[in-house]
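> Got a predicted structure plus its sequence, pasted below:
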Amino acid sequence: MLVLGVDPGASATGYGVVASSDGVLRAVEYGSVSTSPRDPFSSRLLQIFSRLAELIRCYQPEWAAIESLIFAKNVQSAFKLGQARGVALLAAAQSGLAIAEYTPLQVKSAVTGYGAAGKGQVQQMVQSLLGLKEPLRSTDAADALAVAICHHHSARLLHLSRGRGR
């Protein structure tokens, strides 16, 4: 299974493509789309949309796992974050991907076992779970990879629970 994880943000949207084969997870591609606050917001959203659409065309994942909004520091930030999530959802839906959404609590719990884990803990566990030799420099990319890992774990658990019921 191939999953595109997305950590939406107006300034930087993290992305990570994670593959699973025989229960082993590996990072295929990851990074972030950084936008300039000097650019019109519509241009920034187009940058995010275009990069995610390009990744979907290139890797053809089966799923898009997108982090959902829990809270924002202010209303303006919440609107901008919501719009960045919207273009991520649009890119996935337009490509016909199945979409799953996870809260930050669900992602942290799936990756670290602790829903209140800090950014550093998440980065270390993502590096460990994916067998990355170098530490992740971008917290946005690490968070996106964590969202994809969360979906892999959730899908595996769902598959196992369905198998027991038969």
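It's in. Numbers count the residues shown, from 1 in each chain.
> how about the strands in the protein?
2-7, 12-21, 24-34, 63-67, 98-102 (DSSP state E).
> could you dump these to CSV with mean neighbour count and distance to residue 74?
C-betas here are computed from N, CA, C, even on glycine. Formatted as CSV, the strands of the chain follow (neighbours: other CB atoms under 10 Å; distance: least, CB to CB, whole Å):
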stretch, mean neighbour count, distance to residue 74
strand 2-7, 28, 19
strand 12-21, 23, 18
strand 24-34, 18, 21
strand 63-67, 25, 19
strand 98-102, 17, 23
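> would you turn those into a markdown table with distance to residue 75?
Shown next, in a markdown table, are the strands of the chain (distance: least, CB to CB, whole Å):
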| stretch | distance to residue 75 |
| --- | --- |
| strand 2-7 | 21 |
| strand 12-21 | 20 |
| strand 24-34 | 24 |
| strand 63-67 | 20 |
| strand 98-102 | 21 |
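> Ok, which of the ones you listed comes nearest residue 154?
Nearest to residue 154 among the strands of the chain is strand 98-102; the distance by CB to CB comes to 7.1 Å.
> Can you work out which other helices and strands pack against the closest one?
Counting contacts by 3 or more CB pairs under 8 Å, 6 or more residues apart in numbering; DSSP states H and E, strand 98-102 packs against strand 63-67, helix 75-94, helix 139-164.
> could these go into a markdown table alongside distance to residue 27 and mean pLDDT?
Output for the helices and strands packed on strand 98-102, formatted as a markdown table (distance: least, CB to CB, whole Å; pLDDT from 0 to 100):
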| stretch | distance to residue 27 | mean pLDDT |
| --- | --- | --- |
| strand 63-67 | 14 | 97 |
| helix 75-94 | 19 | 94 |
| helix 139-164 | 6 | 81 |
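> Please produce TSV containing those, extended by distance to residue 56.
Listed next are these as TSV, based on distance: least, CB to CB, whole Å:
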stretch	distance to residue 56
strand 63-67	8
helix 75-94	6
helix 139-164	13
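> which of those is buried the deepest?
Mean neighbours per residue, mean count of other CB atoms under 10 Å, is largest over the helices and strands packed on strand 98-102 for strand 63-67, with a mean of 25.
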